[in-house]
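> Sequence and predicted structure below; questions after.
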Amino acid sequence: PNNEIGRLSTHFEAMTASLKTINDDLKGQVDERTRDLHRLARMDPLTELGNRRALDELFSAEIERSHRQGTGFGVLWLDIDHFKGINDEQGHQSGDAILCDVAHWLRASLRPYDQAGRWGGDEFVVILAPCDAHTLSHIGQRIRTHIESQSRAMGMPVTVSIGGHLAQPGEPLDEILRQADQALYRAKQAGRNQLVTSDALSETATQHEPSET
């Protein structure tokens, strides 16, 4: 160990250890950067909620889990009332500020394990799991009232219309979105600033079916 070969061997071992440390650090940086890029690609830059791509992935995961476990999940589709008028009258900067505020109030109304995202424009989607009919209505109303009360406190009243649907195991995504969208449409028809669920639509349709003779 004290001769030249021993010293060279010790130096080589130290150099190898140093290179391994550098390689591990670089790999860690690459992995971290990859995670950051993955997160940014699925985040709406304005509201910092999940974007459409993130929601598509969440829906796929929930549909698979729902089928595997035999349990449903809730979907809420939100639309800011008269948002186009806000943009036209106050400008897009005010509209962007309202979108950010609504996203903040929306997050504050959810449970820690629920997921919210911006579908596009002034539309937001929430995925609730676990969820039943009572939870769907309860959280939907909590979101609606919280957004209204917080915006009034800021001196700029904002309301949202909400359509809700309790997705069942095996139900395809197209049907889930159609049910939630139809419920949202009925909420707007009913005067906005309301929550309508697909269950309520089904009950209304049943009540209006002609009786058999």
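Good, I have the coordinates.

> for the most centrally placed residue in the chain, what are its contacts?
By Cα atoms, centre = their mean, the chain has its centre lying nearest to residue 116, at 2.2 Å. With contact set as Cβ atoms under 8 Å, 6 or more residues apart in numbering, residue 116 has these partners: 49, 50, 103, 106, 107, 110, 124, 125, 126, 127. The C-beta positions use only the backbone N, C-alpha and C, and glycine is treated the same way.

> Report the buried residues of stretch 62-78.
Neighbour-count burial for stretch 62-78, counted by 16 or more other Cβ atoms under 10 Å, picks out 62, 63, 66, 72, 73, 74, 75, 76, 77, 78.

> Report the contact partners of the last one.
So the one you mean is residue 78. Shown in contact with residue 78 (Cβ under 8 Å, 6+ apart): 102, 106, 123, 124, 125, 126, 143, 160, 161, 162, 184.

> please redo it, this time with the cut-off set to 6 Å
124, 160, 162 (Cβ atoms under 6 Å, 6 or more residues apart in numbering).

> the longest helix in the chain is where?
For the chain, the longest helix by residue count, based on DSSP state H, is helix 4-41.

> quick revisit: make a markdown table from the contacts of residue 78 and add pLDDT to it.
Supplementary listing: these in a markdown table, determined by pLDDT from 0 to 100:
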| residue | pLDDT |
| --- | --- |
| 124 | 98 |
| 160 | 98 |
| 162 | 98 |
